[in-house]
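Q: A predicted structure for the sequence below; I have some questions about it.
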Amino acid sequence: MGKFVVANWKMNKTIKEARAFIDEFNAKLPKKCKNWCICAPFTCVFAVFEGLKGAGAVGVQNIYPQEKGAFTGEVSPQMALDAGATWAIIGHSERRNLMGETDEFLAKKVKFALESGLKVIFCVGEKLEEHCRLKTVLKAELKALKGIDLSGVVIAYEPIWAIGTGRVASIEDIKRAHLAIIETIEKQNGVTPVVLYGGSVKSSNAGEIMALDEVGGVLVGGASLNADEFVKLIEIGGKYESK
Ligand code: PEP
């Protein structure tokens with residue numbers, strides 16, 4: 001089926017731009033490529049869902065852990081599902097750091113998203129100054145997931161210093177971080193997680209990253225905004241067996 005290649009468009013693309021991307025993407029994506037997902041801004045989710053011809057998935061980049069009510073500006077998992085999303089990114093470092101989302105609040109979101117029927121891409125990763133105590137930081141971020149059934153959850157390792165900077169973690173660091181995540185989740189939750197790498201991935205560096213056994217795929221920001229580049233990444237992921 002190939003490794004899982006996920007686009008995180010962040011706060012980019014109008015509906016018109018999303019439709020233009022999808023037209024090009026549909027035309028270029030080989031039919032056999034199935035293990036991918038596009039996490040679009042809320043305003044574009046339905047247009048992406050409606051336009052996609054391939055067998056991948058659509059996701060959102062955040063949810064609020066309530067079905068409905070007086071939560072101005074928020075979107076529930078039920079609304080995301082209604083618009084065609086089946087995945088939600090939760091815990092992206094931009095939400096942790098810019099919106100002040102805590103480990104406890106993120107765990108609530110994960111639980112509610114899963115109960116509502118969404119699958120989750122849960123992000124963890126260290127700041128540059130925390131790199132020397134990588135394992136401790138990852139363990140602390142993952143602790144919030146204790147007691148949650150993680151069968152519908154993929155973890156994304158995203159070193160914050162590698163996001164949108166052009167700096168990619170070394171192969172050794174990626175292996176070390178992914179093994180630490182796998183070990184922690186196995187001990188804590190009793191399942192072996194799929195772990196994606198994210199941080200300045202593009203088609204020129206994705207091959208050696210996705211060749212690693214410990215890497216179940218990639219979460220891609222900047223490079224996923226270009227349909228041609230995103231198709232290349234999915235094709236690279238397709239060369240490797242997913243677990
Ligand atoms: C991201 O935002 O999840 C990300 C990995 O971004 P970029 O690929 O641009 O570093």
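A: Yep, it's here.
Q: The residue found closest to residue 45 once you drop the neighbours it is linked to in the chain: what's it in contact with?
A: Of all residues not flanking residue 45 in the chain, residue 83 sits nearest, at 4.3 Å (C-beta to C-beta, 6 or more residues apart in numbering). C-beta coordinates here come from the backbone N, C-alpha and C atoms, glycine included. Residues near residue 83 by C-beta atoms under 8 Å, 6 or more residues apart in numbering: 42, 45-46, 49, 60.
Q: let's go with 10 Å and repeat that
A: Residue 83 is in contact with 40, 42-50, 58, 60, 75, counting by C-beta atoms under 10 Å, 6 or more residues apart in numbering.
Q: Drop anything exposed from these.
A: 40, 44-49, 58, 60, 75 (16 or more other C-beta atoms under 10 Å).
Q: contacts with the ligand among these, please.
A: For the ligand, no contacts are drawn from the buried ones among the contacts of residue 83 by C-beta under 6 Å from any ligand atom.
Q: need the strands for the chain, in chain order.
A: Secondary structure of the chain by DSSP state E: the strands cover 4-8, 36-39, 57-60, 87-90, 119-124, 153-157, 195-198, 217-220.
Q: shouldn't residue 232 be in contact with residue 223?
A: Yes: Residue 232 is within contact range of residue 223, at 8.8 Å (criterion: C-beta atoms under 10 Å).
Q: what's the overlap in contacts for those two?
A: Counting by C-beta under 10 Å, 6+ apart, the residues touching both residue 232 and residue 223 are 202-204, 206.
Q: So which bits of the longest helix belonging to the chain are buried?
A: Secondary structure of the chain read by DSSP state H shows that its longest helix is helix 171-189. In terms of neighbour count (16+ other C-beta under 10 Å), helix 171-189 has its buried residues at 173-174, 176-178, 180-182, 184-185, 188-189.
Q: burial measure for the residue in the chain that the ligand sits nearest to, as a count.
A: Closest residue of the chain to the ligand, C-beta to the nearest ligand atom: residue 221 (2.2 Å). Residues near residue 221, counting by other C-beta atoms under 10 Å, number 22.
Q: Quick check: the gap between it and residue 89.
A: Going from residue 221 to residue 89 by C-beta to C-beta, to the nearest Å gives 11 Å.
Q: can you list residues touching both of those two?
A: 6, 8, 10, 39, 198.
Q: picking up where we left off before, name the member of the shared contacts of residue 232 and residue 223 with the shortest distance to residue 194.
A: The nearest member of the shared contacts of residue 232 and residue 223 to residue 194, counting by C-beta to C-beta, is residue 206 at 16.3 Å.
Q: residues in contact with that closest one?
A: Going by C-beta under 10 Å, 6+ apart, the list of residues near residue 206 reads 3, 5, 168, 197, 215, 217-218, 220, 223, 229, 232-237.
Q: Going by distance to residue 123, which of those wins?
A: For these, the closest approach to residue 123 (C-beta to C-beta) belongs to residue 197, at 11.1 Å.
Q: Looking at the closest one now. What's its pLDDT?
A: Residue 197 carries a pLDDT score of 98 in this model.
Q: Relative to residue 17, how far out is it?
A: Taking C-beta to C-beta, one finds residue 197 at 27 Å from residue 17.
Q: who's more crowded, the two?
A: residue 197 (28 against 14).
Q: residues touching that one, list them.
A: 125, 156-159, 162, 168-169, 173-174, 177-178, 206, 209-210, 212, 214-220.
Q: Return the members of the shared contacts of residue 221 and residue 89 classed as buried.
A: Burial by neighbour count, judged by 16+ other C-beta under 10 Å, picks out 6, 8, 10, 39, 198 from those.
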